[in-house]
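# Sequence and predicted structure, then a few things I'm wondering about:
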Amino acid sequence: MARDRRERPLRTGLRRVLEVTVCGVLPALTLVTMLAIGWSDDSLSADFHHEIYPQAEEMLAGRNPYPPPDFDPTVAPNFIWPPLVAFGLSPLTVLPAGAADLVMVGLGLACFALTLRLAGVRDWRVYGVVALWPQVAGEMRVSHLTAPLSLLVVLAWRSRDARTGAGIWLGIATAAKFFVWPLGVWLASRRRPRAVLTAAAIAGASLLLVLPFTPLVDYVRTLLQLGRGFDQDSYTLFALLVQSGSSEAAGRAAVLVAGALLLWATWRYRSLTLAVAAALTLSPIVWLDYFALALVPLALARPRLSWIWFLPLATWGLRGAGLGIGDPSEITRQLIVFAIVFAVAFGGEPDRLRAPRPSHA
């Protein structure tokens, strides 16, 4: 008995040291290392630096930054960001590009932290483990706006019962990154027609901002051209099937079936988790950092540290974005890991409809 009393403080102390090391020191070292590497090889906030920042400068000067619909998207940079993004981040153009890159990194980390906070996470260890996710650390290198998108999604969830509040946040999110449109199905499943109409109005109105620069039909064709350029170099079911030898037609059919099932289940269970999964399934381009959106439903379902928060660490070593992404084994690893993450999040998702129990005669 006395021996147990002596060993208990020792075990507690060792556990505390391990927690601080894994959830505090290691994430800090990882982020500092990623920051140093990005600064040294000019890859820090790469998409913001090479695309959003110069596109915003062009649009502020009244010049058309958008390429013709038949452009080659594999030759970067691509000035194809929605106008709301370019105009929204245009205040950063008063800073030198390098300084603006650092601001974007800080904003991204702040958005991720605030997302967890608004989702109800009070366990400091979760923040540390999330900073270790390659999807989160990678967002710092590319600035695909996944961080502010996560914040907008959690704000939509928090205002889900308001008449129009969720629609405002979702409309801004869709205007910034169109692939999150399946969250409109989730909002519609909650019988919030005004919010759905608000979201659609904001997203639609944002498209009109391209008209001073290019016809709307040309901009849509440009986005479709972008999707065709990278859809086989993404962490998607389509890329997995095509890289494994299936035809493009079979791959697109599989994606449509999987997406339709997820949308039906989103409506059936009124599930934010399944809506996010549907968005990632149906998007033609999904790179590594896009999966950081999974932290929103996971935080709602598991606000305290558990094994599932460590699972995304199994995707370290995968390339983040660009041509030649992954091979079938790497894409499979990414999809399996986050299929498990979404399954756990769905199982513990608050405020979703539960399946009715079968009745027995």
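Good, I have the coordinates.
# Report the contact partners of Gly259.
182, 278, 281-282 (C-beta atoms under 8 Å, 6 or more residues apart in numbering). (Glycine included, C-beta is placed from N, CA and C.)
# Export these as TSV, with columns for neighbour count.
Below are those laid out as TSV (neighbours: other C-beta atoms under 10 Å):
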residue	neighbour count
Pro182	22
Ala278	27
Thr281	24
Leu282	21
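# Just name the closest of the residues you listed to Phe338, please.
Taking C-beta to C-beta as the measure, Phe338 sits nearest to Thr281 out of the contacts of Gly259, at 10.6 Å.
# Excluding its own residues, what touches the one helix or strand the closest one maps to? List them.
In this assignment (DSSP states H and E), Thr281 forms part of helix 272-282. Contact with helix 272-282 is made by 153, 157, 179-183, 185-186, 236-237, 255, 258-259, 262-263, 265-266, 286, 290-291, 293-294, 296-297, 300-301, 338, 342, 345-346, 349, 352, as judged by C-beta under 8 Å, 6+ apart.
# Among these, which ones are in helices?
Of the positions in those, 153, 157, 183, 185-186, 237, 255, 258-259, 262-263, 265-266, 296-297, 300-301, 338, 342, 345-346 sit in helices, assigned by DSSP state H.
# want to throw the contacts of Gly259 into TSV with distance to Ala199 and pLDDT?
TSV is the format used below for the contacts of Gly259 (distance: C-beta to C-beta, whole Å; pLDDT from 0 to 100):
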residue	distance to Ala199	pLDDT
Pro182	12	97
Ala278	16	98
Thr281	20	97
Leu282	17	97
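# can those residues go into JSON lines with extra columns for distance to Pro215?
Converted to JSON lines, the contacts of Gly259 look like this (distance: C-beta to C-beta, whole Å):
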{"residue": "Pro182", "distance to Pro215": "27"}
{"residue": "Ala278", "distance to Pro215": "30"}
{"residue": "Thr281", "distance to Pro215": "30"}
{"residue": "Leu282", "distance to Pro215": "26"}
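# quick check, nearest of these to Leu226?
Out of the contacts of Gly259, the member with the shortest distance to Leu226 (by C-beta to C-beta) is Leu282, at 15.4 Å.
# What's the separation between the closest one and Pro82?
Applying C-beta to C-beta, to the nearest Å, the value for Leu282 to Pro82 is 18 Å.
# so where's the stretch 251-361 of the chain uncertain?
355-361 (pLDDT under 70).
# Apologies, that question was intended for the stretch 51-200 of the chain.
Looking at the stretch 51-200 of the chain by pLDDT under 70, you get an empty list.
# Give the burial count for Ile172, as a bare number.
20 (other C-beta atoms under 10 Å).
# if we can go back for a sec, restricted to buried residues, select the contacts of helix 272-282 in PyMOL.
Restricted to buried positions by 16 or more other C-beta atoms under 10 Å, the PyMOL selection for those reads:
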select buried, resi 153+157+179+180+181+182+183+185+186+236+237+255+258+259+262+263+265+266+286+290+291+293+294+296+297+300+301+338+342+345+346+349+352
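# on that earlier part again, if we only consider the contacts of Gly259, which is nearest to Gly88?
Pro182 (22.5 Å).
# ok, the closest one to Leu274 distance?
Taken as C-beta to C-beta, the span from Pro182 to Leu274 is 9 Å.
# And for Leu183?
Noted for Leu183: a distance of 10 Å to Leu274, by C-beta to C-beta.
# next one: Pro54
In terms of C-beta to C-beta, Pro54 sits 37 Å off from Leu274.
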